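Asks: Fold the stuff below for me.
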Amino acid sequence: MKDFLNKYYQNHALVYKIILFIVTTVTIVYLFPKGGQFKYNIQKGKPWQYENLYAPFDFAILKTDEDIQKEIEEIEANKKLFFTIDEDVVKEVEEQYNSKILMIQEDSAASGLGKSRIKTFGLKFLEIVYKTGFLNKSDNDKVLKNTIITLRRGNEAEDILSDNLFTTEMLVPAIQKYFENTRYEKLEQSFTTLFFDILEPNIFYDEEFTQKVIDEEIKGITVNKGLVTENERIIAKGDVVEGSKYEILISLKSEYDSQLWSKSNYNWIVFGYTILVALVLLMLMLFLHRYRKSIWENNTKLTFIFFNILLIVFLVTIVQKYWVNYIYVVPVIILPIIFKAFFDARLGLFAHVVTVLILGFIVPNSFEFIFLQIIAGIVTILTVSELHRRANLFFSIIKITGVYMLSYLAFSIIQEGNAQELKWGYFVLFALNGVLSFLSLFLILIYEKTFNLVSDVSLLELSNTNSKLLRELNEKAPGTFQHSMQVANLAEASANEIGANAMLVRTGALYHDIGKMVNPMYFIENQTTSVNPHNELPPNDSATIIIDHVLKGIEIAKKNRLPDRIIDFIRTHHGTTMVYYFYRKQNDITPDQVDPKDYTYPGPIPFSKETAILMMCDACEAASKSIKDPTAILIDDLVEKIINGQMSKGQYMNSDITFKEIQTIKKVIKKKLNNIYHLRIEYPE
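Replies: Model (predicted):
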């Protein structure tokens, strides 16, 4: 057991990577829809590249979504309207009529008309109205002229012509016609007032029942429109995949998927998916192991990469499951934007391609999806830069959205044979995709705090010389602050010349000497008088103070929560070089009794182009101060001597920098130092 624990502690980083790999693979496979993959790739508008295809079994030809939608629209256009009759309304109206007719009877008594006859005459009109039916005024707009509607009385239904129903507008003409040429014509106005006062609609639109009938008819729509029998030829090699052939192929694919699912092959399907996803993720891990060693060895960064891949797969899977028509709204290009911001373009593109390959298993029209996303990812890598400048990201996303739209346009023309069948809604989806891509800035901010990573946005904040730590450096060690500013300018110019991360190296240069704040007067750039405290110390103590500024700088940086990428510049800017002045001084005092290790910086040596650039610029700028009467020739010789000396001591072995880039950096440093000292080339007389 003890041996097992020892081995675990020795290899815990590798164990974590294996667990991370397994968990990510299992999670992705779990998110996948569980179904087989049709072995033929159906591309509408393209020739059939496979052998002649015959039906392996009987299956139905499925209607397209457009066909079903047309049937639904036809049902809704020809829907039958249902109305209900409220029998209680007639009783209430008759009661009101009986109570209010008395006034008309009394007024007409002098005319010699019988009261009972007046009452009966008016009552017959009510019977006429309610026998036909009085339509609710708010339902008038639902009834078209001269159409058949259905009246429901309990469980009975009756079809009538809509024009036969009484409406409020029809009452006055109907009353006039009823009283015309009768002995009661003089009472027309009184009855009109009475009828308008007591008449209430008894027919109401039954929206719930109408919709229920429509829903039942829609449910009754069959999804099939034909049958293909076993061994019937579906398509021949070379035939164009279009029209009915395309519909039959899609139907075969759907039937194949459903049959495969019904055969209880779940475990085999999951096993196949697991192998494919594991292979894809393994390629990513091998890439990191071989070409991004620093990321491979950092489990936090590795977790960050796998987490983002998993997040994109999760989002696409959810949208594909519930809102498949909006699959292109998911901003997949956020992945390369984020990876380029925190790492580099090559890793961003590789991870993006790996993720898109995984998504190809689950999305419809996988070839089209993969093509669009890979092209968009390439454009993202080529255009997105300097995220701290928001305008750059804005214009980059406009270009990416344009590429999406152009690629979709090309695919649509190929598949349909013309541009008339374009689905303009897709262009809206691509625009929404572009808008959502701006979330990358928000995610970058969260990831910086969560995973302690550094992007251009945070580098811009850190490089502000009014920040708390740099103000403190300026107050306690003003000479060191000025030296750091000069080194930052040299390093930034050098990085720009060779294509390195200029913002990173500039920020690292500003903080590389913050350890000198602890004992500022022991460093010559901060000594304002001729008094040098090193004159009072033995050489080994002086060397310890000088070397300690690296360790003190790391402590201060961690205390102020500077990112690890900035601390790397503090740790490596002297590499494993020696404090040679004090080493020689001690050697003169005690010859052959000096241990070089006591006068050597702890390192490590630079392990990136940026940290190597800082080492060169720092040493050259500091040494240039020792030239009493600087000339262009002296500066050139100094730069060559210092950088060649660092090379001979193997300080750049791990920094992945070429001889050509080193020569370019030398030229930049020489030119900048000449400008600092206002030197010109001395021409012969």
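Asks: For residue 469, give me its contacts.
Replies: 511, 514, 556, 560, 562 (Cβ atoms under 8 Å, 6 or more residues apart in numbering). C-beta: built from backbone N, CA, C; applies to glycine.
Asks: Can you name the element that comes right after the lowest-mean-pLDDT helix or strand in the chain?
Replies: Within the chain, no helix or strand scores below helix 2-10, which has a mean of 56 by mean pLDDT, DSSP states H and E. Going down the chain from helix 2-10, the next helix or strand is helix 12-31, by DSSP states H and E.
Asks: Same question for that following helix: list its buried residues.
Replies: 17, 20, 21, 24, 25, 28, 29, 31 (16 or more other Cβ atoms under 10 Å).
Asks: just curious, which of these is nearest to residue 237?
Replies: Nearest to residue 237 among the buried residues of helix 12-31 is residue 29, at 34.7 Å by Cβ to Cβ.
Asks: circling back: same list, the buried residues of helix 12-31, but as a markdown table with pLDDT and distance to residue 431 please.
Replies: A markdown table is the format used below for the buried residues of helix 12-31 (pLDDT from 0 to 100; distance: Cβ to Cβ, whole Å):
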| residue | pLDDT | distance to residue 431 |
| --- | --- | --- |
| 17 | 91 | 40 |
| 20 | 92 | 36 |
| 21 | 92 | 37 |
| 24 | 92 | 32 |
| 25 | 93 | 35 |
| 28 | 90 | 29 |
| 29 | 89 | 33 |
| 31 | 85 | 27 |
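Asks: In TSV: those, plus distance to residue 217.
Replies: Formatted as TSV, those follow (distance: Cβ to Cβ, whole Å):
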residue	distance to residue 217
17	59
20	54
21	53
24	48
25	47
28	42
29	41
31	37
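Asks: Residue 171 versus the residue lying closest to residue 359 once chain neighbours are set aside, what's the distance?
Replies: Setting aside the residues directly before and after it, residue 359 is nearest to residue 316 in space (Cβ to Cβ, 6 or more residues apart in numbering), at 5.3 Å. Counting by Cβ to Cβ, to the nearest Å, the gap from residue 316 to residue 171 is 62 Å.
Asks: These two: which has the busier surroundings?
Replies: It is residue 316, of residue 316 and residue 171, that has more neighbours when counted by other Cβ atoms under 10 Å, with 22 against 16.
Asks: Can you name the helix or strand that the more buried one falls in?
Replies: Residue 316 belongs to helix 299-322, assigned by DSSP H and E.
Asks: who touches the residue lying closest to residue 20 once chain neighbours are set aside in this structure?
Replies: Distances taken as Cβ to Cβ, 6+ apart place residue 306 nearest to residue 20, at 5.9 Å, with adjacent residues excluded. Counting by Cβ under 8 Å, 6+ apart, residue 306 makes contact with 20, 21, 24, 281.
Asks: Now the third one: closest residue in space that isn't a chain neighbour?
Replies: Counting by Cβ to Cβ, 6+ apart, residue 306 is the residue found nearest to residue 24 once chain neighbours are left out, at 4.8 Å.
Asks: how about low-confidence regions in the stretch 301-450 of the chain?
Replies: 386-390, 415-421 (pLDDT under 70).
Asks: now, which of the contacts of residue 306 sits nearest residue 289?
Replies: Taking Cβ to Cβ as the measure, residue 289 sits nearest to residue 21 out of the contacts of residue 306, at 11.7 Å.
Asks: check contacts around the spatially most central residue of the chain.
Replies: The C-alpha lying nearest the average C-alpha coordinate of the chain belongs to residue 331 (Cα atoms, centre = their mean; 3.2 Å). When contacts are counted by Cβ under 8 Å, 6+ apart, residue 331 is found next to 433, 434, 436, 437, 439, 440.
Asks: Can I get the contacts of residue 469 in JSON lines including neighbour count and secondary structure?
Replies: Below are the contacts of residue 469 laid out as JSON lines (neighbours: other Cβ atoms under 10 Å; DSSP: H, G, I helix; E, B strand; the rest coil):
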{"residue": "511", "neighbour count": "26", "secondary structure": "helix"}
{"residue": "514", "neighbour count": "28", "secondary structure": "helix"}
{"residue": "556", "neighbour count": "21", "secondary structure": "helix"}
{"residue": "560", "neighbour count": "13", "secondary structure": "coil"}
{"residue": "562", "neighbour count": "22", "secondary structure": "coil"}
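Asks: Alright, that wraps it up for me.
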